[in-house]
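Visitor: show me how the following folds:
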Amino acid sequence: MVSVGSISAEIDRHRDAVEEALEEFVQQRLAGSEAPAMRLAGDILLAGGKRYRPVISILAYEAAGGVDTSEVMNLALAGEIIHTATLVHDDIYDQSKVRRGKPTLHTSSGLPHAIIAGDYLFALGFGLGGRHEDQVVERVAQACGRIATGELQQLEHIGNLATTPEDYYSIVDGKTAFPFASVCWGAAVLAKAPEETVSALELFGMEFGRAFQMVDDLLDLTGEPSMGKPRGTDVHDGKMTLPLIHALTMLHGVEREQLADVLQNFSNERWEELTELLNAAESFDYVTQLIENHVERAMDALESIPRTKARDLMVDLVRISQSRRD
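Guide: Modelled structure (predicted):
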């Protein structure tokens, strides 16, 4: 049986390769005409993070039969850089003060500079994705479009207590799941895998992305101080995440009215009140079960792919992500 330590070491090896490539990418631009823009964006790009997107794309490439991981590295970095661009812009319209344990870019450098940095990161990410064949380039463009659509949908539902689970899934699929699916799909295409494998890895990415976002949503309500952003950020911002949507659906009468009041007039002093209402609706248990369902579907999608170390590591990474506390 493979030990937890050896699993972590293997995943860390892939993460280190991503960090090295990302560092080299940043340093090349710091040495050229893009230096002012990269000095602005480079700090948040290299500020850490779990690097789930690039690591999963490299593992998907290997699981699909790819041998030379340098062939997929541009796509892996593109996914991470585009994700970082969305974080910069998210922080602006959420008015967030902290990201990855550090002041957000608009807080430290000002709003105009943060907008420029986010735009620059989008351009860099799409440029890296554009180094691949046409169908991969088109998929990167689709992913960027779906992210924008998901962001707009989320803005439209801020503070909307009538938000449905269908609305939530539409937002999550656009912002998180489809980008995960796209890097897995693209990795398999670059590995020249058969269509069945490409589709299986795409489905894996979609289900993994849904579970990943739901874990984030739970952590916003239950997370620890070690997280890179304050607990309750989504609640303060009026974002309608699945635990809240479920509780609003399940509670009735006085409890439902109380929850509506908590959400519409939220403050840190009402944490215990909110937690009690979510527990009364069994919303934490409900979302935890949904996460498990999506995780199982992600693993089922891998069953049609020959078992290799890379495929096993994909399963391990899903489980690690599911149990993370920050």
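Visitor: pull the residues that contact stretch 168-175.
Guide: 86, 146-147, 149-151, 153-154, 157, 206, 209-210, 213-214, 240-242, 245 (C-beta atoms under 8 Å, 6 or more residues apart in numbering). From N, CA and C alone the C-beta is placed, and that goes for glycine too.
Visitor: got the CA positions of it in PDB?
Guide: C-alpha atoms of stretch 168-175 as PDB (Å, rounded to 0.1, in the frame of the first residue of the first chain):
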ATOM      1  CA  TYR A 168     -25.700  28.000  -8.300                       C
ATOM      2  CA  TYR A 169     -24.600  25.100 -10.500                       C
ATOM      3  CA  SER A 170     -24.600  27.400 -13.600                       C
ATOM      4  CA  ILE A 171     -22.300  29.800 -11.800                       C
ATOM      5  CA  VAL A 172     -20.000  27.100 -10.500                       C
ATOM      6  CA  ASP A 173     -19.800  25.300 -13.800                       C
ATOM      7  CA  GLY A 174     -18.800  28.500 -15.600                       C
ATOM      8  CA  LYS A 175     -16.300  29.900 -13.000                       C
END
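Visitor: for this structure, which segments count as strands?
Guide: 98-99, 102-103 (DSSP state E).
Visitor: chain center to the last one, what's the gap?
Guide: Relative to the centre of its chain, strand 102-103 is centred 19 Å away, using C-alpha atoms, centre = their mean, to the nearest Å.
Visitor: helices or strands up against it?
Guide: Where contact means 3 or more C-beta pairs under 8 Å, 6 or more residues apart in numbering; DSSP states H and E, strand 102-103 is not packed against any helix or strand.
Visitor: rounded mean pLDDT for it, please.
Guide: The average pLDDT for strand 102-103 rounds to 82.
Visitor: ok, Asp217 - how many residues close by?
Guide: 21 (other C-beta atoms under 10 Å).
Visitor: from what I can see it touches Ile245, true?
Guide: No. Counting by C-beta atoms under 8 Å, Asp217 sits too far from Ile245 to count as a contact (9.9 Å).
Visitor: please work out which of the strands of the chain is packed deepest.
Guide: For those, the largest average neighbour count (mean count of other C-beta atoms under 10 Å) is found in strand 98-99, namely a mean of 19.
Visitor: residue ranges with poor pLDDT in this structure?
Guide: 1-7, 224-230, 326 (pLDDT under 70).
Visitor: for Leu161, which of the strands of the chain is the nearest?
Guide: strand 98-99 (27.2 Å; C-beta to C-beta).
Visitor: quick one: the closest one to chain centroid distance?
Guide: 15 Å.
Visitor: save the strands of the chain as CSV, and put in distance to Ala200 too.
Guide: As requested, those are exported to CSV (distance: least, C-beta to C-beta, whole Å):
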stretch, distance to Ala200
strand 98-99, 34
strand 102-103, 38
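Visitor: and of those, who's closest to Ala310?
Guide: strand 98-99 (30.8 Å).
Visitor: how much space between Leu190 and Val72?
Guide: 5 Å (C-beta to C-beta, to the nearest Å).
Visitor: need the contact list for Gly110.
Guide: Applying C-beta under 8 Å, 6+ apart, no residues qualify as near Gly110.
Visitor: oh, I was asking about Phe178
Guide: 142-143, 146-147, 206, 209.
Visitor: swap the cut-off to 6 Å and go again
Guide: 143, 146 (C-beta atoms under 6 Å, 6 or more residues apart in numbering).
Visitor: can you select the buried ones from the contacts of stretch 168-175 in ChimeraX?
Guide: Buried residues among the contacts of stretch 168-175 (16 or more other C-beta atoms under 10 Å), as a ChimeraX selection:
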select :86,146,147,149,150,151,153,154,157,206,209,210,213,214,240,241,242,245
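Visitor: surely Thr104 meets Asp94?
Guide: No. Contact criterion C-beta atoms under 6 Å: Thr104 and Asp94 do not qualify, at 9.0 Å.
Visitor: which one's more surrounded, those two?
Guide: Thr104 (22 against 18).
Visitor: nearest residue to Arg311 in space, please, no chain neighbours.
Guide: Leaving aside its sequence neighbours, Arg311 sits nearest to Ala63 (C-beta to C-beta, 6 or more residues apart in numbering; 4.4 Å).
Visitor: no, scratch that, I was asking about Ala310
Guide: Nearest to Ala310 is Glu62, by C-beta to C-beta, 6+ apart, at 3.5 Å.
Visitor: count of neighbours near that neighbour?
Guide: Around Glu62 there are 21 residues (other C-beta under 10 Å).
Visitor: what of Gln27?
Guide: 13.
Visitor: any idea how far it is from Arg39?
Guide: For Gln27, the distance to Arg39 - C-beta to C-beta - is 12 Å.
Visitor: quick revisit: Leu190 and Val72: who's more crowded?
Guide: More neighbours surround Val72 than the other of Leu190 and Val72, with 26 against 21 (other C-beta under 10 Å).
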